[in-house]
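Peer 1: kindly return the folded structure for what I paste below:
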Amino acid sequence: MLFSAATVVQKWGDILAMTAKLSKSISLPGLYKIGTDKPKGFTGNARTTTLAFKVAGNLKSQVDLKRTPAPTEHSRYLASLMKTGGWRTFYKEEEDDVPTKEEDIVPKNMRHPRLSPAWLKHEKQVLRWYGFFQETVTESAMENSRYRHVYIMYFMEDGTVGINEPKVENSGMPQGNFLKRQKVQKEDGTYLGPDDIHIGSEVTICGHTFHICGCDRFTRWFFEENGVAIEEDEEIPIDTWQTNYRIQKARDRGGLPVTKGVMDDKAVMRALGGIPPVEKKFAQFLLNDRKVLRFKGYWDDHTPYGTRFYFILHYYLADNTVEINEAHCRNSGRDGWPIFMKRGPLHKSNFVNGIPAMLSAEAPRYLPEDLKVGDSINVWGRKVVLYDCDDFTRKFYLDYLGVDQFDGRIDVSEKPVTHLKLTPPPHNGIGKAEDSLLNCTMIQPKPPKIDLERMLVYGGDALRFECKMINGEPEDELRRLVIAFYPADGEMAAFEVPIRNSGHMGGRFSEKRLLKNPDTGKYFTLSDLFVGQVITIAAQPLQIVRADERCLQFLEARPKEFPYADPVVCSKRLVPLAEHPEMQDADGLSPDRLKEIAFEAGISMVDHEIITLLRSCGIPAESESDQPKVIGPKVLECAGVLQPADS
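Peer 2: Model prediction:
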């Protein structure tokens, strides 16, 4: 069928009209634009695509608007490099000359701050204290309360506190972690710190009061390093349950000895089996018969008119009995009965039953391990101190107990009694001092005793020394005195030599008597008189300048009593001068020169020694104007340094 163009247009218009009506009737919006535009009524986020290009309204650059800095030569150089491909591989930016710091050397993962925080400074450091708290136990006939031991840990890295309780087997209580690690707040609102916990103090945490008894070694070291004094550890108490628990465990392991009843049952079973019972006391007697430990002790009686009593304690190992005897000294005034306690068992404590024939437990006896030198024992209420023992007792303790009893010995020797004695009054100068002293010591004085042997040997001898006054007075410079010493009785006398026109009358200066040396406070002896010595008689200083021949011979005959008159002793004092050239000279040297060189060598020689050397190793003067000389080689020969020329 063929249709005209007008008919086709009309038909197509009808189709479109019907389609529009149909879309309105079925409410499909936009159905007539399917495929040409998005449906209306949808709220999607679809973006409209376009290929349009829009030119900016202001074609001026940012440089012209002065919003960016002007390009530099370096930026232009960098822009020119972009013409070459891969320019980034061969181009390297030059770095500025910045000094290297310590922080740049250390890697970032190893750097520490200058002030380290607590979590870094105290990492893995824990302060630990030991303590306990008391818990009431109800409905138990064995105990009323129990001590639960804990250890408190303070973590310094974050200030938290943790409490753990050691687990005890079969304790019947949940134990282990008592308080989880957390910060503990005190009553005032602040948190608990290490300064709030001290040994001996009590800390309340979560309603429980803990008593601190000790700490570990790190905690003690930490507080000492920070200058905080910390107390010594206290002993942790043990309750009744813990004591019974330990005894039960020891009994289960067989650590406790069997009871007496068990031993008796075993003996009965052995007897029933044909084995005779062993008599312990008889075996002990056979092994230790005649073996006795011997101690020395004392007891201080503090009652009125009491004194110290010394004892000898015998311990018989055969039957464990003790015997105590008194050790009286001579003329003690006490009876000669030495028994203080007869032989028998010695108990540590003694008591008397209030009712006759009343049964009571026997007190423990003293055994050998209870007796130690230096300790005390109780003997019927008396404190007896053991201060020594014999050699057998010491050997017994060393062999069987490994104890040296001599380490505890006590020195009980009493100090010698010193009696105060009145000193006699000073001598009034009348008569002899010995006669006046006898009048003070005796009611009927007797004449002083005389040494007859000394008087017979030295009777009639007088040793004379010439001396001069050195009191510094011009008129006394020329005065000469002669001191006579009488060895028969030790008395001295002084006579002044008369000098013409001296103004002083010669004669007796001091009568013959015993004279005291003001320097020593004792009587003058012959050893106090030698040439060169200065003595004081009648308050006048006198220097001895010469001695007569009889006096020198008397002194040389007794070299042990008067070493200044011994040529060997005087020569040995000059041994340090053996290498001196003048001592090697055979012609000798003058006494003054010998004294000078000896003084230079640190040897102080008196005039009497020089006279002794002149008499034994010297040559006389040829004329009155010359001086005698000391021959040095002879002095060295006398001292034993040089051999005699004849040999």
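Peer 1: how far away is the most centrally placed residue in the chain from Phe554?
Peer 2: The residue lying closest to the centre of the chain (C-alpha atoms, centre = their mean) is Glu232, at 18.5 Å. Going from Glu232 to Phe554 by C-beta to C-beta, to the nearest Å gives 79 Å. To be clear about C-beta, it is placed using only N, CA and C from the backbone, and glycine gets the same treatment.
Peer 1: so what are the domain limits for the protein?
Peer 2: According to automatic domain parsing, the chain comprises the domains 118-245, 289-352+363-408, 419-449, 450-556, 566-639.
Peer 1: and the pLDDT for the closest residue to Asp592 other than its chain neighbours?
Peer 2: In space, Asp592 comes closest to Gln627 once its chain neighbours are excluded; the distance is 7.8 Å by C-beta to C-beta, 6 or more residues apart in numbering. We note a pLDDT of 73 for Gln627 in this prediction.
Peer 1: got the contact list for the residue nearest to the centre of the chain?
Peer 2: Residues near Glu232 by C-beta atoms under 8 Å, 6 or more residues apart in numbering: Ile199.
Peer 1: so which of the domains of the chain is the most surrounded?
Peer 2: Highest mean neighbour count among the domains of the chain (mean count of other C-beta atoms under 10 Å): domain 566-639, with a mean of 17.
Peer 1: gap between that domain and the chain center?
Peer 2: Relative to its chain's centre, domain 566-639 lies at 58 Å (C-alpha atoms, centre = their mean, to the nearest Å).
Peer 1: ok, now stretch 362-374?
Peer 2: Worked out by C-alpha atoms, centre = their mean, stretch 362-374 lies 34 Å from the chain centre.
Peer 1: one more: stretch 147-161?
Peer 2: Taking C-alpha atoms, centre = their mean, one finds the center of stretch 147-161 at 35 Å from the center of the full chain.
Peer 1: dump that stretch to CSV, restricted to CA.
Peer 2: What follows is stretch 147-161, C-alpha atoms only, in CSV (Å, rounded to 0.1, in the frame of the first residue of the first chain):
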residue,chain,number,x,y,z
TYR,A,147,49.3,-13.2,108.0
ARG,A,148,49.3,-13.0,104.2
HIS,A,149,52.6,-12.2,102.8
VAL,A,150,52.8,-10.1,99.6
TYR,A,151,55.4,-8.1,97.6
ILE,A,152,54.5,-4.7,96.3
MET,A,153,56.0,-3.6,93.0
TYR,A,154,56.3,0.0,91.9
PHE,A,155,56.9,0.5,88.1
MET,A,156,58.9,3.7,87.8
GLU,A,157,58.3,4.1,84.1
ASP,A,158,54.7,5.0,84.5
GLY,A,159,54.1,5.2,88.3
THR,A,160,51.8,2.1,88.5
VAL,A,161,51.7,-0.3,91.4
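Peer 1: ok, back up a step: for Ile197, see how far away the residue nearest to the centre of the chain is.
Peer 2: Taking C-beta to C-beta, one finds Glu232 at 16 Å from Ile197.
Peer 1: and if you look at Met469?
Peer 2: Remark: distance between Met469 and Ile197 (C-beta to C-beta) = 90 Å.
Peer 1: how about Val106?
Peer 2: Distance from Val106 to Ile197, by C-beta to C-beta: 38 Å.
Peer 1: any weak-confidence spans in the stretch 201-350 of the chain?
Peer 2: Counting by pLDDT under 70, not a single residue of the stretch 201-350 of the chain qualifies.
Peer 1: 80 instead?
Peer 2: Flagging of the stretch 201-350 of the chain using pLDDT under 80 yields the residue ranges 241, 254-258, 276-279.
Peer 1: now do the helices in it.
Peer 2: With helices called from DSSP state H, counting those that start in this stretch, the stretch 201-350 of the chain shows them at 217-225, 240-253, 260-272, 280-288.
Peer 1: tell me which other helices or strands the longest one touches.
Peer 2: Pointing back at helix 240-253 there. Applying 3 or more C-beta pairs under 8 Å, 6 or more residues apart in numbering; DSSP states H and E, we find helix 240-253 packed against no helix or strand.
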